[in-house]
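[1] below are the sequence and a predicted model for it; my questions follow.
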Amino acid sequence: MGIAMMTWVGTMIFSFLLGTFLCYKVEKSGVKRWGATGKLFKYK
Amino acid sequence: MIWYVAVFIFYIIFLIWANIKSLQTAESIDDYTTGGHRMGLLMGIGTTAATWVSVASVIGVPGYLYSSGVAAVIGWVAGWCFGGALIPIVAYKIRRPEKPARTFPEFIRLRFEPFQKKSTLQAIVGILMFIGYLLLVNIQVTGFGIVFSSITGMDYKLAIFGFLLFILITSVGGFWSVAATDTLNTVLITVGVLLASGVVWSLTGGLGNILDTLATTTAPTNVGGPALDEGVLLSPLGTFGLGTLFSIFISNSLGTPSSPHWVTRMLAPQNVKVAILQVMGTIVVLLFIMGPLIIIGLGAKVLLPSIPEGKTTDYIIPLIIQDYTPPIVGGITLVAICAAAISTANSMLLHCATSLYYDVYLNISSKRISDRKFKNWLRLSIFAIATVAVVLAINPPWFLAMGFVYVYGGFGAAFFLVVFLGLYWKRMNRAGAYAGIIIGSVVYVVAKAMGYDTPFVIAVATSLIGVLLAVYFTKRSPLEAYEPYFEAEVSHSTKQVAETIRNNSHEEKADRSEVG
């Protein structure tokens, strides 16, 4: 049970880390059309 | 019973209202296929979560938890979640162009053969999508029929033809109708599974009791069937074995980000960041849907050690609702399952019809039609395909969750390399795309037919060899094919090529202002 649940939780954590990294890349690009606003999770 | 009827009537009224509203909103082909590329975050999360949670999740996954134990969490719940985690990698690139593709096959055309007047590649992808989504819609219809007929006592065939009405109501309005109804469906699904899991939790005495039972039970899945090995339901491999579980996980995870409906979903948000945040938000919402489903599936083994002979594990949810939940909870859960089936079926039906009409017929015939004609013909296609899916569901062919694995595996085998290499490798070209799609899909079907445990891995590995050979023995991609996915500002010739393809099949109206 522990391994199964940890696999699921691990994929969720991976998802948030990857999503955050990609949002950072959008910010770093500075392209407004892609959603760069100056703040990591702000989109408009 | 009164509450159940009231909830159901409210639900139908909302579906009709959302459809009428959408018919007024959707004016252009972009509106109809991808919501005009201007979807906001909240509606994006609502529609993504509802499409994600299908009958394969709500009925099929608890069924496999019941028969195979916690291994189903790794195979399906974690598999889909990992696949979901990879979707933003696609979103990060595919939503970059100022005017993105309207459909998945059109993206393939823009990326790999932008100078072809009639795109064979777009047509091949359209046909593969049509086959896959017809099967997936068929699974939703079957799941709905099983649940509705079991609980209400209505004839299965009558139930599936009733379902036809629901999916037609939500599909004919196009993307906005699908998205609006999906958002309500997400709320309904969450409430329904939370209530049902609460009942199971209270009847079983909580997680401790459930785990104690799973650790010792040897009760067969079906009455009269072979006894289970003690403790197998808590083992990470369950009753599957390493090879099969790995194959299920890989098909669900790598098949997800390259499945055309998820790629198309990433074309709908108003910008790249919304697309990424939409997936992150959906993962949070899914915690409140998948968690309760795990409790229901595992707890069912405590409440009902074996299911009657002749019933598949897809019947476990209806059996639990019928025998153990109060009518009001049963009613809401039934509406939740109905919502899960509708929300996935309508989205897939839209993709199925669009791929057949827009990507195959209009592309090959090179006809130019108005937006109005496009919508009317697309609605007719939706009606015809939905009817075929319902007729095919009269004799259900497979287990619901496993059916998803097969189709997702097929999509992954055909499109995984083409999508990821196309978006992240400038050298990936037209010949590579043909090799990837044809070798991937053919090898997957052959490996599956020959009974290999890991057809997805075999197909992708073979396809990778074919892609690399094709790419390095042929010319590089032209700038116009890859530039929109790598650069913020594109050259004049790239803009012109994209515009020509967009206007190839219809008379486009002026762009509409941003909403959502």
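    Alright, I've got the coordinates.

[2] need the helices for the stretch 251-400 of chain B, in chain order.
    B:260-265, B:272-303, B:316-324, B:327-354, B:363-365, B:371-392, B:400-424 (DSSP state H, counting those that start in this stretch).

[3] who are the packing partners of the fifth one?
    Right, the one you point to is helix B:363-365. Applying 3 or more CB pairs under 8 Å, 6 or more residues apart in numbering or on different chains; DSSP states H and E, we find helix B:363-365 packed against helix B:120-152. Where C-beta positions appear, they are placed from N, C-alpha and C, glycine not excepted.

[4] what's the angle from the helix it packs on to helix B:400-424?
    Per axes from the mean of the first three to the mean of the last three CA atoms, to 10 degrees, the angle that helix B:120-152 makes with helix B:400-424 is 150 degrees.

[5] relative to helix B:327-354, how tilted is helix B:120-152?
    160 degrees.

[6] list the buried residues for helix B:120-152?
    By 16 or more other CB atoms under 10 Å in any protein chain shown, the buried positions in helix B:120-152 come out as B:121-126, B:128-130, B:132-151.

[7] list the buried ones in the helix or strand following it?
    Remark: after helix B:120-152, the chain's next helix or strand is helix B:156-171, criterion DSSP states H and E. Residues of helix B:156-171 classed as buried by neighbour count (16+ other CB under 10 Å): B:156, B:159-164, B:166-171.

[8] on that earlier part again, who wins for proximity to A:Gly38 among the helices of the stretch 251-400 of chain B?
    For A:Gly38, the closest of those is helix B:272-303, at 11.7 Å, according to CB to CB.

[9] I'd like the average pLDDT over that closest one.
    The average pLDDT for helix B:272-303 rounds to 94.

[10] what is it packed up against?
    Using 3+ CB pairs under 8 Å, 6+ apart, helix B:272-303 sits against helix A:2-29, helix B:41-52, helix B:61-68, helix B:79-94, helix B:175-204, helix B:207-216, helix B:316-324.

[11] save those helices as JSON lines, and put in distance to B:Ser258 and mean pLDDT too.
    Output for these, formatted as JSON lines (distance: least, CB to CB, whole Å; pLDDT from 0 to 100):
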{"stretch": "helix A:2-29", "distance to B:Ser258": "16", "mean pLDDT": "94"}
{"stretch": "helix B:41-52", "distance to B:Ser258": "15", "mean pLDDT": "86"}
{"stretch": "helix B:61-68", "distance to B:Ser258": "21", "mean pLDDT": "92"}
{"stretch": "helix B:79-94", "distance to B:Ser258": "8", "mean pLDDT": "94"}
{"stretch": "helix B:175-204", "distance to B:Ser258": "21", "mean pLDDT": "85"}
{"stretch": "helix B:207-216", "distance to B:Ser258": "35", "mean pLDDT": "93"}
{"stretch": "helix B:316-324", "distance to B:Ser258": "30", "mean pLDDT": "85"}
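
[12] same list, those, but as JSON lines with mean neighbour count and distance to B:Pro105 please.
    Output for the helices and strands packed on helix B:272-303, formatted as JSON lines (neighbours: other CB atoms under 10 Å in any protein chain shown; distance: least, CB to CB, whole Å):
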{"stretch": "helix A:2-29", "mean neighbour count": "17", "distance to B:Pro105": "25"}
{"stretch": "helix B:41-52", "mean neighbour count": "24", "distance to B:Pro105": "19"}
{"stretch": "helix B:61-68", "mean neighbour count": "27", "distance to B:Pro105": "30"}
{"stretch": "helix B:79-94", "mean neighbour count": "25", "distance to B:Pro105": "13"}
{"stretch": "helix B:175-204", "mean neighbour count": "23", "distance to B:Pro105": "16"}
{"stretch": "helix B:207-216", "mean neighbour count": "15", "distance to B:Pro105": "45"}
{"stretch": "helix B:316-324", "mean neighbour count": "21", "distance to B:Pro105": "35"}
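
[13] out of those helices, which comes closest to B:Gly241?
    Comparing these under CB to CB, the one sitting nearest is helix B:61-68, at 10.4 Å.

[14] which outside residues touch the helix or strand that the closest one is followed by?
    Scanning forward in sequence from helix B:61-68 by DSSP H and E, the next helix or strand is helix B:71-72. Defining contact as CB atoms under 8 Å, 6 or more residues apart in numbering or on different chains, one finds that helix B:71-72 is touched by A:4, B:61, B:64-65, B:235-240, B:245, B:297, B:401.

[15] which one of the residues you listed is nearest to B:Ile458?
    B:Leu245 (16.6 Å).

[16] so what pLDDT did that closest one get?
    So B:Leu245 comes in at 91 (pLDDT).

[17] so it is in contact with B:Leu237, correct?
    Yes. Taking contacts as CB atoms under 8 Å, B:Leu245 lies within contact range of B:Leu237: 5.6 Å.
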